[in-house]
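Peer 1: I would like the atomic coordinates for the input below:
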Amino acid sequence: MNYLDRARARLAELTARRDAKLSELDDFSATLTTESRDATPDESDLVALALDELRSLKAPIAEAEAEIADLEAIDAARKNTPPAPAGAPGHIGRAGGGDDPYDFDLRSAPRTAETRREVEDRAMRAIERDPYLSDANRDHVDAMLRDRKVNRGGALARHIIATGDPEYRAAFLQLITRQHPVLTDRQAHLLQQAEEQRAAINVGTDANGGYLMPFTLDPTVILTSSGTVNPVRMLADVSTVATDNWQGITSAGITASYDAEATQVSDDTPTFGQPAIKIHQAQAYAQASLPALDDLDGLGEDLSTMFADAKDTLELTKFTVGAGDGSNEPYGWVTDATAVASATTDVYAVADVYAVQNALNPRWQQNATWQASLPVINLTRQFGTALGHAFLTYLGGGQPPELLGQDLYQNSAMDSVINASQDNKILGYGDFRQYRIRDRIGMTVQFIPVVMGANQRPTGEVGWYCRWRNGARLSVATAVQVLNVT
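Peer 2: Alright, predicted model coming up:
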């Protein structure tokens with residue numbers, strides 16, 4: 001690593017610390033706004049410490065930026081080329097940059113409100129023109145950009161600009177297929193820009209290894225299924241975040257009352273809860289023989305599809321029955337839901353279905369739906385045949401069936417067999433919007449050029465290691481009831 005690279009690495013470290021601290025302050029400000037309160041004295045002290053740290057970083061960052069600018073100018077003069085490589089401009093504001101939304105250098109751009117607006121404008125233009133996006137995904141990413149909670153601090157917009165450039169996409173495909181890729185000056189510049197973005201979004205975790213997947217291939221940004229494979233994502237409250245821990249607010253609501261004339265109103269202040277969702281890391285691995293690698297066309301798209309499928313399969317299980325933080329995975333909604341015991345030990349009966357529906361608080365009934373595995377759905381269907389109960393109603397046009405008048409969705413991760421003397425949580429009912437899934441922006445892929453066998457000799461294969469991060473939890477346990485046949 002030459003001196004200029006060291007200076008850039010030092011600047012990346014400083015800006016990552018600054019951005020992390022600013023994100024903490026943004027999150028705290030959002031919390032105060034949500035809770036409609038002022039900071040406590042202890043919180044004010046923490047804010048003051050954070051501001052002191054930001055002030056202390058200001059001078060080193062400015063010095064590092066000036067040093068890098070001088071070194072780049074000297075290096076460019078030595079090579080008898082312009083100070084900025086072709087296609088890798090210095091920061092260009094609204095007065096420049098032409099029609100290309102990616103003609104913008106995130107690395108040298110100051111962190112100001114004007115810069116954030118410009119990056120967001122450019123990201124909007126980028127998704128409008130990107131030939132790899134379907135109309136559904138274009139609308140999906142557009143909505144994410146406009147959502148202040150998802151695009152907090154412009155994080156998603158920066159991610160799109162860092163990874164959406166066609167030149168970055170070409171460089172990424174080289175990096176995941178070649179041990180020694182040959183990159184142009186512009187591709188090398190875009191790669192460094194994406195590396196700094198990756199370091200920023202992985203604050204608090206090991207940021208070493210792998211390259212950010214272009215956002216058009218990234219399952220953490222792009223829709224990869226219609227929701228029929230994974231009903232939990234379709235029914236849950238899903239959003240993308242740029243933080244390591246999501247804090248929410250829950251309340252049973254305000255209780256109203258009629259009172260006599262000219263009497264003091266009762267104190268109806270609600271009690272607030274603050275559910276937290278920790279972000280966990282998930283990972284996947286794939287490999288292929290060297291001849292297969294030689295013959296594969298469109299490998300980037302193929303890998304994206306395979307990793308998206310692996311991601312969907314894993315998440316269906318963990319979002320349903322995940323054990324939670326102690327197991328370094330999301331909490332499943334079955335894990336958090338309120339259990340309703342079967343009327344008879346180890347027997348699933350018609351009365352149990354009614355008991356589950358009756359157990360749900362009226363607050364959650366309007367938007368309630370059902371989930372069960374296919375074998376349990378078939379068992380339930382037989383109740384109607386034997387007892388005359390109108391349990392399952394099929395609607396036309398591919399609509400889901402209805403159970404007791406509300407939609408029923410198949411979830412293959414739920415219990416499908418009733419085992420004696422065990423918990424068998426086979427049927428869920430409730431408002432699944434209270435199950436919160438929080439996806440962290442960015443999936444990284446690392447190319448492994450030589451796969452070693454058990455005896456540490458090459459197998460003639462290459463591999464790809466992929467990782468992404470998210471968390472999930474049912475924010476109100478009583479919003480979903482689950483039948484436990486035990």
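
Peer 1: all contacts plus neighbour counts: C-alpha atoms, from now on.
Peer 2: Fine.

Peer 1: OK, contacts around the closest residue in space to Arg469 that isn't next to it in sequence?
Peer 2: Sequence neighbours aside, Gln281 is the residue nearest to Arg469 in space, at 4.3 Å (criterion: Cα to Cα, 6 or more residues apart in numbering). Gln281 sits next to Asn328, Glu329, Arg467, Trp468, Arg469, Asn470 when contact means Cα atoms under 8 Å, 6 or more residues apart in numbering.

Peer 1: The residues you listed into a markdown table, with extra columns for neighbour count and distance to Glu63?
Peer 2: As requested, those are exported to a markdown table (neighbours: other Cα atoms under 10 Å; distance: Cα to Cα, whole Å):
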| residue | neighbour count | distance to Glu63 |
| --- | --- | --- |
| Asn328 | 15 | 40 |
| Glu329 | 22 | 42 |
| Arg467 | 18 | 35 |
| Trp468 | 21 | 34 |
| Arg469 | 20 | 34 |
| Asn470 | 23 | 36 |
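
Peer 1: now, which of those residues sits nearest Phe28?
Peer 2: Asn470 (20.5 Å; Cα to Cα).

Peer 1: What is the longest strand anywhere in the chain packed up against?
Peer 2: The longest strand of the chain (DSSP state E) is strand 461-474. Packed against strand 461-474, as judged by 3 or more Cα pairs under 8 Å, 6 or more residues apart in numbering; DSSP states H and E, are the following elements: strand 276-278, strand 280-289, helix 333-336, strand 435-440, strand 444-448.

Peer 1: Quick one, which of those gets closest to Ala310.
Peer 2: strand 280-289 (7.2 Å).

Peer 1: In its sheet, which strands sit next to the closest one, and in what direction?
Peer 2: strand 461-474 (antiparallel) (DSSP bridges).

Peer 1: For Val182, list the residues it contacts.
Peer 2: Taking Cα under 8 Å, 6+ apart, one finds Gln174 in contact with Val182.

Peer 1: For Arg8, see how far away it is.
Peer 2: Distance from Val182 to Arg8, counting by Cα to Cα, to the nearest Å: 21 Å.

Peer 1: Please apply the same query to Arg111.
Peer 2: 17 Å.

Peer 1: just the strands in the stretch 101-250 of the chain please.
Peer 2: Counting by DSSP state E, counting those that start in this stretch, the stretch 101-250 of the chain has strands at residues 211-212, 237-241, 245-247, 250-251.

Peer 1: The longest one - contacts with which helices or strands?
Peer 2: Contacts defined by 3+ Cα pairs under 8 Å, 6+ apart place strand 237-241 against strand 435-440.

Peer 1: Give me the angle between the strand it packs on and strand 461-474.
Peer 2: 140 degrees (axes from the mean of the first three to the mean of the last three Cα atoms, to 10 degrees).

Peer 1: Parallel or antiparallel, which strands does strand 435-440 pair with?
Peer 2: Strand pairing for strand 435-440, using DSSP bridges, gives strand 237-241 (parallel), strand 461-474 (antiparallel).

Peer 1: mind checking which of the ones you listed is nearest Ala351?
Peer 2: Closest to Ala351 of the strands paired with strand 435-440, according to Cα to Cα: strand 461-474, at 26.1 Å.

Peer 1: Which strands and helices lie in contact with the next helix or strand after the closest one?
Peer 2: Next along the chain after strand 461-474, taking DSSP states H and E as the criterion, comes strand 480-484. The helices and strands touching strand 480-484, judged by 3+ Cα pairs under 8 Å, 6+ apart, are strand 338-341, helix 350-359, strand 425-430.

Peer 1: domain ranges for the protein?
Peer 2: 1-83, 95-205, 213-247+273-486 (automatic domain parsing).

Peer 1: Confidence-wise, which of the ones you listed is weakest overall?
Peer 2: Here these differ in mean pLDDT, and the lowest is domain 1-83 at a mean of 81.

Peer 1: on that earlier part again, between Arg111 and Arg8, who's got more neighbours?
Peer 2: In terms of neighbours (other Cα atoms under 10 Å), Arg8 is the more surrounded of Arg111 and Arg8; the figures are 18 against 13.

Peer 1: That one reaches Ala69, doesn't it?
Peer 2: No: because the distance of 10.2 Å does not satisfy Cα atoms under 8 Å, Arg8 is recorded as not touching Ala69.

Peer 1: so Val347 bridges to which residues?
Peer 2: Thr344.

Peer 1: neighbours around it, how many?
Peer 2: Neighbourhood size, Val347 [other Cα under 10 Å]: 14.

Peer 1: Which residues are in contact with it?
Peer 2: Taking Cα under 8 Å, 6+ apart, one finds Ile418, Val485, Thr486 in contact with Val347.

Peer 1: So which of those residues wins on neighbours?
Peer 2: Most neighbours among the contacts of Val347, by other Cα under 10 Å: Val485, with 26 neighbours.

Peer 1: residues in contact with that one?
Peer 2: By Cα under 8 Å, 6+ apart, the residues touching Val485 are Ala341, Ser342, Thr344, Thr345, Asp346, Val347, Tyr348, Ile418, Asp423, Asn424, Lys425, Ile426.

Peer 1: ok, how many other residues are close to the second one?
Peer 2: Around Ser342 sit 21 other residues, with neighbours defined as other Cα under 10 Å.

Peer 1: dump the residue contacts of it.
Peer 2: Contact partners of Ser342, counting by Cα under 8 Å, 6+ apart, are Tyr348, Ala349, Asp352, Leu483, Asn484, Val485, Thr486.

Peer 1: quick one on the thing from earlier: let me have the domains of the chain in a markdown table, extended by distance to Tyr258.
Peer 2: Formatted as a markdown table, the domains of the chain follow (distance: least, Cα to Cα, whole Å):
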| stretch | distance to Tyr258 |
| --- | --- |
| domain 1-83 | 27 |
| domain 95-205 | 38 |
| domain 213-247+273-486 | 21 |
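
Peer 1: Identify whichever of the ones you listed lies nearest to Ala262.
Peer 2: domain 1-83 (29.1 Å).

Peer 1: and the closest one, how far from the chain's centre?
Peer 2: Put simply, domain 1-83 sits 24 Å off its chain's centre (Cα atoms, centre = their mean, to the nearest Å).
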